[in-house]
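[1] sharing a model prediction with you, sequence too.
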Amino acid sequence: MPSSPYTGHANQAKHDIESSELRKKKRMKCLAYVAAFAVFQTAVILIFVLTIMKVRTPKFRVRSADFDESFQVGNLSTPSFSFRMDAELGVKNANFGNYKFQNSSIFFLYGDTGVGEAAFSKSKAGWRSTKKFHVSVDLSSKSLPSNSQLGNDLRSGVLNLRSQSRLDGKVELLFIFKKKKSVNMDCTLTIGVAEKQVRQISCK
Ligand SMILES: *[C@@H]1O[C@H](CO)[C@@H](O)[C@H](O)[C@H]1NC(C)=O
Ligand SMILES: *[C@@H]1O[C@H](CO)[C@@H](O)[C@H](O)[C@H]1NC(C)=O
C-alpha cells in the first residue's frame, strides 16, 4: 500500500531530525576530542617548561685526590706539611643544555689560611653530564701562623684541608636560551697522614 504524501513527509521530517541529532552528537564528540587534545598539549608544554626549561645550578666538587712521593709531614715539635696533590674536579650539569664556564682557580686552605692554589682553563660540561678535569697543586704549610692547630691535627693522624672555588658561566638551554649561572665549591678533604691518602671528601 502506497504511503500517503502526509505520512511520507512525516517520515522525512523524522529522518531529518535524527540525522541532525546525529550530526550534533558527532560535533560534540569532535569538540571533546579537541578539548582533550588541548589539555594534553597544555600538560606537555607545562612539563616541558617545568623540567626541560628549568635552570639547575651545576655542582662543582673535588671528586678524588692523589699524592706523589713528595708527601712530607714534619715531626710533632715542628709540625709542617709539604706535598704535590693531583685532584680530579667534577662539574655536574643536570641541565638540558651545556654549561660553559670561564677560566678560574681553586684555592686550598688550612683553617683560614691559603696553603696552595691552581688555575684551570675555561671549559664546558655537556648537558646532563659531568665534566671531569685534573689540577696539580703544590701545598705547603709555610704560610701558616705558628699557633695553628697543625700539631694537634698531625698528632691525631689526619689533615683537614678545605677547597674553595667559583665558576662563572652560562647554561645554554636547548642551545638557544642562555642564562648566567655561578657555582661555588666548598669541600673538605680529610687526609690520612700515615697512609698518605684521602679518606673522605665532603662538599657543601
Ligand atoms: C723535628 O724537625 C726539626 C726540623 O725539621 C728538627 O730540627 C728537629 O730536630 C726534629 N725533632 C725531632 C724530635 O725529631
Ligand atoms: C684563560 O686561560 C688561558 C690559559 O690557561 C689563557 O691563555 C687565556 O688568556 C685565559 N683567558 C682569559 C679570558 O683570561
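    Nice, thanks for sending it over. Ligands and ions are numbered 1, 2, ... in the order given.
[2] which residue is the nearest non-sequential neighbour of residue 137?
    residue 118 (4.0 Å; Cβ to Cβ, 6 or more residues apart in numbering). From N, CA and C alone the C-beta is placed, and that goes for glycine too.
[3] can you show me the strands along this protein?
    Along the chain, the segments classed as strands by DSSP state E run 59-67, 72-73, 81-93, 97-101, 104-110, 113-120, 123-125, 129-140, 158-173, 177-192, 197-203.
[4] for the protein, what lies in contact range of ligand 2?
    Proximity of the chain to ligand 2, by Cβ under 6 Å from any ligand atom, involves residues 103, 121-122.
[5] distance of the closest residue to ligand 1 within the chain from residue 83?
    Nearest residue of the chain to ligand 1 (Cβ to the nearest ligand atom) works out as residue 75 at 3.7 Å. As defined by Cβ to Cβ, to the nearest Å, residue 75 lies at a distance of 16 Å from residue 83.
[6] of these two, who's got more company?
    residue 83 (19 against 9; other Cβ atoms under 10 Å).
[7] now the residue lying closest to the more buried one once chain neighbours are set aside. Its backbone dihedrals?
    The shortest distance from residue 83 to any non-neighbouring residue, by Cβ to Cβ, 6+ apart, is to residue 71 (4.2 Å). With angles defined as degrees, to the nearest 10, residue 71 sits at phi -60, psi 120.
[8] on that earlier part again, highest average neighbour count across the strands of the chain?
    Compared across these, strand 97-101 shows the largest average neighbour count, a mean of 22 (mean count of other Cβ atoms under 10 Å).
[9] the residue nearest to residue 83 is in contact with residue 86, isn't it?
    No. With contacts counted by Cβ atoms under 8 Å, residue 71 stays clear of residue 86, the gap being 11.6 Å.
[10] need the pLDDT of the closest residue to residue 103 other than its chain neighbours.
    With sequence-adjacent residues excluded and distances taken as Cβ to Cβ, 6+ apart, residue 103 is closest to residue 122, at 5.1 Å. The model reports residue 122 with a pLDDT of 97.
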